[in-house]
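Chemist: Okay, predicted coordinates and the sequence, questions at the end:
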Amino acid sequence: MKLIEFQGKELFRRFGIPTPRGQHCTTAIEAAAFISANRGSWVIKSQVLMGGRGKAGGIKFADSAADGEKIARELLGKVLKGVQNPDGEEVKSLLVEEKVAIASEAYVSITIDRARKQPVVIVSSQGGMDVEEVAEKHPDAISKYWLDPAIGCPPFVARRLAFAAALPPGYHRAFPEIVGALYTLFMDYGANLVEINPLVLTKSGDVIASDAKVELDDNGLYKHPDLAAWNAATPADADQAAAVAIGLGMSNYAKLDGTIGVIANGAGLGMGTMDAIRTAGGSAANFLDIGGGAQAELVKKSYALVVSDPKVRAMFINIFGGITRGDQVARGIVEALSGDDLRKVPLVVRLTGTNEKEGREILSAGGMVSVETMDEGAKRAVELARG
Ligand code: GDP
Ligand code: MN
């Protein structure tokens with residue numbers, strides 16, 4: 001689960017990491033009302049998951065309520081596109097924040113280094129919108145420290161990093177506490193990534209998290225029922241939303257570039273199916289893992305979802321029955337194809353395992369063909385897609 005900036009900052013505040021004063025708004029009126037009640041200069045920040053909002057035109061400044069309202073109207077509903085997200089993401093809400101006078105922009109993040117199996121703190125004095133370029137062209141401007149979870153993140157780690165990364169002296173006093181709090185948040189919430197870019201040194205000498213990027217490990221979310229509402233409200237990308245809409249998990253469907261629709265049970269089998277299609281000379285139009293215990297209704301909805309992509313010219317349903325019962329899957333397929341409301345494409349089904357015989361009988365009674373092996377199925381699907 002990725003948190004939007006205002007959510008990430010809410011967590012930051014819980015751990016004592018300083019953030020600018022601000023308000024999350026969903027309408028231009030709200031934004032204007034907040035600004036007129038709090039005179040000053042304000043930043044209006046698009047609340048989307050994609051990074052690089054500054055470069056994509058999603059961060060604007062306002063000095064008056066009228067200004068703020070105008071900008072808010074422009075931003076709300078706008079589809080932001082950036083290098084990190086060429087498909088774009090619609091702006092559904094805004095964070096109106098006190099504009100701080102920036103003296104310096106640093107970068108700090110904590111993530112898991114999978115190769116070393118340790119959390120790593122990454123710090124750079126060259127934070128801000130070009131940090132990716134800094135990482136590429138001046139890797140020496142980035143300092144890292146690998147943490148031992150038994151020791152945690154004591155102040156000396158942050159001090160050492162502040163010097164190694166040559167952070168301006170203005171950072172030194174506040175930095176250890178901020179990094180320590182970031183680490184506590186990282187561990188308490190089971191994060192994959194916590195990032196502050198920029199960690200701003202203001203002209204008046206304060207150190208403030210001007211941006212917040214937090215990614216939590218979904219497997220640990222059950223420990224934080226307080227986040228359930230955010231989780232439900234998180235704007236998924238189009239594929240994720242489509243998957244959730246039919247009752248699949250968020251990561252169970254992804255659209256790809258090919259022409260052969262794929263429905264498989266289990267992520268591994270899904271990927272294997274895509275490989276088999278590739279080996280047979282074709283390419284998959286999607287990945288779809290229908291999960292264990294696939295019910296007829298879900299098969300039907302999955303079929304509908306996959307063929308809603310106009311690129312799909314043939315479908316390969318590959319079900320390896322363990323928990324999933326072949327007869328139910330078969331019933332779902334027959335049902336899915338009996339409706340008039342669906343675009344139909346040539347179909348290949350491979351059904352093995354529990355109740356496979358019953359499943360095949362149902363399929364052949366419905367006038368459908370099934371194959372015995374994955375490779376055979378892939379080959380047939382490729383032929384059918386070439387049609
Ligand atoms: P991102 O582009 O999505 O990472 O969004 P950020 O929140 O990091 O903002 C992008 C850039 O906008 C920052 O690097 C700053 O240069 C600028 N910016 C954001 N907030 C402020 C602010 O309060 N004051 C000033 N002067 N610049 C800001
Ligand atoms: Mn940023």
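Modeler: Cool, got the structure. Ligands and ions are numbered 1, 2, ... in the order given.

Chemist: What ranges does the stretch 1-150 of the chain have for its helices?
Modeler: Taking DSSP state H, counting those that start in this stretch as the test, the helices found in the stretch 1-150 of the chain are 5-14, 28-37, 65-75, 131-137.

Chemist: meant to ask about the stretch 251-387 of the chain, not that
Modeler: Counting by DSSP H, counting those that start in this stretch, the helices of the stretch 251-387 of the chain are 267-279, 296-307, 326-338, 356-365, 374-386.

Chemist: The residue of the chain found nearest ligand 2 in helix, strand or coil?
Modeler: The nearest approach of the chain to ligand 2 comes at residue 211, 3.5 Å away (Cβ to the ion). Glycine gets a C-beta too; all of them are placed from N, C-alpha and C. Under DSSP: H, G, I helix; E, B strand; the rest coil, residue 211 falls in the coil class.

Chemist: from memory residue 196 sits against residue 107, does it?
Modeler: Yes: using Cβ atoms under 8 Å, residue 196 makes contact with residue 107 at a distance of 7.4 Å.

Chemist: Neighbour count: those two, which is higher?
Modeler: Between residue 196 and residue 107, counted using other Cβ atoms under 10 Å, the more crowded position is residue 196 (28 against 24).

Chemist: Could you say which helix or strand holds the more buried one?
Modeler: Using DSSP states H and E, residue 196 maps to strand 191-202.

Chemist: What residues sit buried inside that strand?
Modeler: For strand 191-202, a neighbour-count test (16 or more other Cβ atoms under 10 Å) marks 191, 192, 194, 195, 196, 197, 198, 199, 200, 201, 202 as buried.

Chemist: For residue 112, state which of those residues is nearest.
Modeler: residue 192 (6.4 Å; Cβ to Cβ).

Chemist: Would you mind naming the residues that bridge with the nearest residue to the closest one once chain neighbours are set aside?
Modeler: Excluding the flanking residues, the one nearest residue 192 by Cβ to Cβ, 6 or more residues apart in numbering is residue 215, at 4.6 Å. Beta bridges link residue 215 to residue 2, residue 193, judged by DSSP bridges.

Chemist: Residue 215 touches residue 2, doesn't it?
Modeler: Yes: counting by Cβ under 8 Å, residue 215 does reach residue 2; the two are 5.0 Å apart.

Chemist: which of the buried residues of strand 191-202 come close to ligand 1?
Modeler: Filtering those for neighbours of ligand 1 using Cβ under 6 Å from any ligand atom leaves 197, 198.

Chemist: ok, back up a step: I'd like to know which of the helices of the stretch 1-150 of the chain is closest to residue 300.
Modeler: Smallest distance to residue 300 across those (Cβ to Cβ): 35.2 Å, for helix 5-14.

Chemist: From the chain's centroid, how far away is the closest one?
Modeler: The chain centroid and the centroid of helix 5-14 are separated by 17 Å under Cα atoms, centre = their mean, to the nearest Å.

Chemist: Show me the contact partners of it.
Modeler: Contacts of helix 5-14 with the rest of the structure, by Cβ atoms under 8 Å, 6 or more residues apart in numbering, involve 3, 18-19, 22, 24, 45, 47, 93, 95, 181, 185, 189, 194, 209, 211-214, 230.

Chemist: cutoff 7 Å now
Modeler: By Cβ atoms under 7 Å, 6 or more residues apart in numbering, the list of residues contacting helix 5-14 from outside reads 19, 24, 45, 47, 95, 185, 189, 209, 211-214, 230.

Chemist: CA atoms of stretch 132-149 as CSV?
Modeler: Provided in CSV are the C-alpha atoms of stretch 132-149 (Å, rounded to 0.1, in the frame of the first residue of the first chain):
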residue,chain,number,x,y,z
GLU,A,132,17.3,10.6,-9.6
GLU,A,133,19.8,12.4,-11.8
VAL,A,134,22.1,12.9,-8.9
ALA,A,135,21.9,9.2,-8.2
GLU,A,136,22.8,8.4,-11.8
LYS,A,137,25.5,11.0,-12.4
HIS,A,138,27.0,11.7,-9.0
PRO,A,139,26.6,8.4,-7.0
ASP,A,140,29.3,9.7,-4.6
ALA,A,141,26.9,12.5,-3.5
ILE,A,142,24.7,9.8,-1.9
SER,A,143,25.7,8.2,1.4
LYS,A,144,24.3,4.9,2.8
TYR,A,145,24.3,3.2,6.1
TRP,A,146,23.1,-0.4,6.6
LEU,A,147,21.3,-0.9,9.9
ASP,A,148,21.3,-3.8,12.3
PRO,A,149,17.7,-4.2,13.5
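
Chemist: Buried residues, that stretch. List them.
Modeler: The neighbour-count check on stretch 132-149 (16+ other Cβ under 10 Å) flags 134, 141, 142, 143, 145, 147 as buried.
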